[in-house]
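Asks: task: produce atomic coordinates for the following.
(one chain, ligands or ions: 3)
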Amino acid sequence: MSATSAETVPFGIYIHWPFCLSKCPYCDFNSHVANSVDHVRWRKALRAELAAGAARHPGRTVGSVFFGGGTPSLMDPETAGALIDDIKTFWNVTDDIEITLEANPGTVEIDRFSAFAANGINRVSIGIQALNDRDLKFLGRLHSAEEAMRALDVATSVFDRFSFDLIYARPEHDPKAWRKELREGLAIANGHISLYQLTIEPGTQFYTLHQRGELVVPDEDLATELYEITQEETQAAGYGCYEVSNHAKPGQESRHNLVYWRYGDYLGIGPGAHGREAIIQPDGSTVPTAVRRHRAPDIWLDRVEKAGNGTQEETVLEADERLLEMVMMGLRLNETIPTARFERIIGKGPRDVLDNARLETLIGSGDLICDSAGLRTTDQGRNRLNGVLGYLFDPVA
Ligand SMILES: C[S@+](CC[C@H](N)C(=O)[O-])C[C@H]1O[C@@H](n2cnc3c(N)ncnc32)[C@H](O)[C@@H]1O
Ligand SMILES: C[S@@+](CC[C@H](N)C(=O)[O-])C[C@H]1O[C@@H](n2cnc3c(N)ncnc32)[C@H](O)[C@@H]1O
Ligand code: SF4
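Replies: Ligands and ions are numbered 1, 2, ... in the order given. Here you go, the predicted model:
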């Protein structure tokens, strides 16, 4: 028997709504601008894929549901409501289940917050991105700073919990201006805030501009300065950095995202959604499987209508892939990956499965800590996580 107690992570459900009013120039998420959307048809298809997922995962207890996108605040509130009702019919849910909706701060969406709350949403994550009109315009956003404030006001009155996103390290981002904007943001935050450095993703409009030299992002020194300001201001406001880009007051962490980072199981529904599922075998054992749905909305819809699910690929996750994913996700957090998690995922402790020589090097350089509790990064290691992971797992390092 293991010396550590078993780890349990609640089951999560992700539901993807792929449509947006316009495509932002930095965004490479699975989002599409459609002339019209047949809401009844989409509701039916999402419910069908959810039911198919439920049949494969009886007896689980759901701790979180996340409606992401795209812009899920554009879905009919009744669609969210029907899916939430289905979830409660198919499974037990925890008493404190977290049900998050990603929302854009447009007028249409804000006016529907109450309807979403009445249909079971209890947390919103709002894509504010910037708190001044000039930068909102640069980011291709349809909302103004005033609308952003209104969205936060309405969210405060309608939901117990909400979070919002800001994107920093914009071109020529002035450190003083970022400190001021962030302080302003923290003053209206309600326990959780996501702060992302602008990344130039292949296939986006910004990528093309960047390639042509027409968009220049902050160099390493400026990016580091902006990152340090972010850490100082969030800490001063009591918002601990619990994940690389996520800050929360104690107890306000996003439970759904913690399922991913703690390498729990989750079901993904809708175009392009991914899941990590423990598929039950005839003998009662389970096989850890990565599931991916078709990305293109019309192909996904067609597949669900014909076959009952829009699955494009199911891949059994071998022990080395599970180890890599679990460590990559877990080291993002400001907490130890417990030895019990290594045992849950691969049946052995960290020292038994990781390259001990490389581990020692990373412990010696002050990047990692590995003790009887498990494995974690230091602050330094988390700041250069890609390098740390590259070294730990590179087959030829
Ligand atoms: C990474 S952002 C985080 C947003 C916000 N800052 C928060 O804390 O909730 C969430 C986005 O990731 C993507 N996403 C999350 N879980 C997913 C899943 N299981 N399958 C596909 N995409 C997913 C979706 O595009 C979703 O809108
Ligand atoms: C799927 S997106 C947004 C959901 C919602 N439609 C919105 O726009 O508010 C989740 C979050 O990822 C962040 N994000 C997306 N692309 C990014 C990029 N290239 N660089 C930095 N952050 C990005 C944004 O903060 C965004 O709110
Ligand atoms: S950032 Fe949000 S609104 Fe903009 S294209 Fe991406 S998903 Fe749509």
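Asks: what parts of this structure come near ligand 3?
Replies: Residues of the chain found near ligand 3 (C-beta under 6 Å from any ligand atom) are Cys20, Lys23, Cys24, Cys27, Phe29, Ser31, Gly69, Gly70, Thr71, Asn104, Gly127. For glycine as for every other residue, the C-beta is placed from the backbone atoms N, C-alpha and C.
Asks: so what's the closest residue to the fourth one other than its chain neighbours up against?
Replies: So that's Cys27. Nearest non-adjacent residue to Cys27, counting by C-beta to C-beta, 6 or more residues apart in numbering: Thr204, 6.4 Å away. Thr204 makes contact with Pro25, Tyr26, Cys27, Asp28 under the criterion C-beta atoms under 8 Å, 6 or more residues apart in numbering.
Asks: 10 Å - rerun?
Replies: Lys23, Cys24, Pro25, Tyr26, Cys27, Asp28, His210 (C-beta atoms under 10 Å, 6 or more residues apart in numbering).
Asks: give me the pLDDT for the most centrally placed residue in the chain.
Replies: Centroid-nearest residue in the chain: Asn257, 5.1 Å away (criterion: C-alpha atoms, centre = their mean). On the pLDDT scale, Asn257 is placed at 98.
Asks: from what I can see it touches Gly63, true?
Replies: No - here Asn257 does not reach Gly63: they are 11.9 Å apart, not a contact under C-beta atoms under 10 Å.
Asks: shared neighbours, these two?
Replies: Between them, Asn257 and Gly63 share the contacting residues Gly12, Glu98, judged by C-beta under 10 Å, 6+ apart.
Asks: so which of the contacts of Thr204 are in helices?
Replies: Judged by DSSP state H, the subset of the contacts of Thr204 located in helices is His210.
Asks: out of the contacts of Thr204, which are close to ligand 2?
Replies: Answer for the contacts of Thr204 near ligand 2 (C-beta under 6 Å from any ligand atom): Tyr26, Cys27.
Asks: what about burial for the contacts of Thr204, which qualify?
Replies: Applying 16 or more other C-beta atoms under 10 Å to the contacts of Thr204, the neighbour count classes Cys24, Pro25, Tyr26, Cys27, His210 as buried.
Asks: measure the nearest residue to the third one once chain neighbours are set aside to ligand 2 for me?
Replies: Of all residues not flanking Tyr26 in the chain, Phe206 sits nearest, at 4.8 Å (C-beta to C-beta, 6+ apart). With distances taken as C-beta to the nearest ligand atom, to the nearest Å, Phe206 is found 7 Å from ligand 2.
Asks: which strand or helix spans Phe206?
Replies: Element membership of Phe206 [criterion: DSSP states H and E] is helix 205-211.
Asks: what's the offset of that helix from the middle of its chain?
Replies: 25 Å (C-alpha atoms, centre = their mean, to the nearest Å).
Asks: just the mean pLDDT for it, thanks.
Replies: 98.
Asks: same thing with stretch 352-363?
Replies: 96.
Asks: equivalent analysis for stretch 270-287, please.
Replies: pLDDT averaged over stretch 270-287 gives 95.
Asks: that stretch: end-to-end distance?
Replies: This stretch, stretch 270-287, spans 22 Å end to end (C-alpha to C-alpha, to the nearest Å).
Asks: check stretch 34-42 too.
Replies: Stretch 34-42: ends 13 Å apart by C-alpha to C-alpha.
Asks: is stretch 264-277 up against ligand 1 anywhere?
Replies: Yes - counting by C-beta under 6 Å from any ligand atom, ligand 1 is contacted by stretch 264-277 at Gly268, Gly272, Ala273, His274.
Asks: closest to ligand 3 out of these?
Replies: Ranked by distance to ligand 3 (C-beta to the nearest ligand atom), those are led by Gly272 at 11.5 Å.
Asks: residues touching that closest one, list them.
Replies: 16, 18, 29-31, 69-70, 292-297, 300, 310, 312.
Asks: pick the one among these closest to ligand 3.
Replies: Ser31 (3.9 Å).
Asks: re earlier: please list the residues outside the helix holding Phe206 that contact it.
Replies: 23-28, 138-140, 171, 198-202, 204, 214-217.
Asks: after that helix, next one along is what?
Replies: Taking DSSP H and E, what comes next after helix 205-211 is helix 220-236.
Asks: contacts for that following helix, please.
Replies: With C-beta under 10 Å, 6+ apart, helix 220-236 has contacts from 166, 168-170, 172-176, 178-183, 185-186, 189, 193, 195, 197-198, 217-218, 239-241, 245-248, 379, 383.
Asks: show me which residues of the following helix or strand past that helix are buried.
Replies: With elements assigned by DSSP H and E, the helix or strand that comes after helix 220-236 is strand 240-243. Neighbour counts using 16+ other C-beta under 10 Å place Cys241, Tyr242, Glu243 of strand 240-243 among the buried residues.
Asks: packing partners for strand 240-243?
Replies: strand 191-197, helix 220-236, strand 246-248, helix 255-261, helix 379-383 (3 or more C-beta pairs under 10 Å, 6 or more residues apart in numbering; DSSP states H and E).
Asks: nearest to Val37, out of these?
Replies: helix 255-261 (24.5 Å; C-beta to C-beta).
Asks: identify each buried residue in the next helix or strand after that closest one, please.
Replies: Per DSSP H and E, the first helix or strand lying C-terminal to helix 255-261 is strand 266-269. Neighbour counts over strand 266-269 (16+ other C-beta under 10 Å) mark Tyr266, Leu267, Gly268, Ile269 as buried.
Asks: off-centre distance for strand 266-269?
Replies: 13 Å.
Asks: just stretch 329-338 next, same as before
Replies: The answer for stretch 329-338 is 15 Å, by C-alpha atoms, centre = their mean.
Asks: what subset of the contacts of helix 220-236 is buried?
Replies: 166, 168-170, 173, 178, 181-182, 185-186, 189, 193, 195, 197-198, 217-218, 239, 241, 246-248, 383.
Asks: can you list the residues of the stretch 1-150 of the chain near ligand 1?
Replies: Tyr14, His16, Phe29, Gly68, Gly69, Glu102, Ser125.
Asks: which among these gets closest to Val37?
Replies: Scanning those for proximity to Val37, where the rule is C-beta to C-beta, the winner is Gly69, at 12.2 Å.
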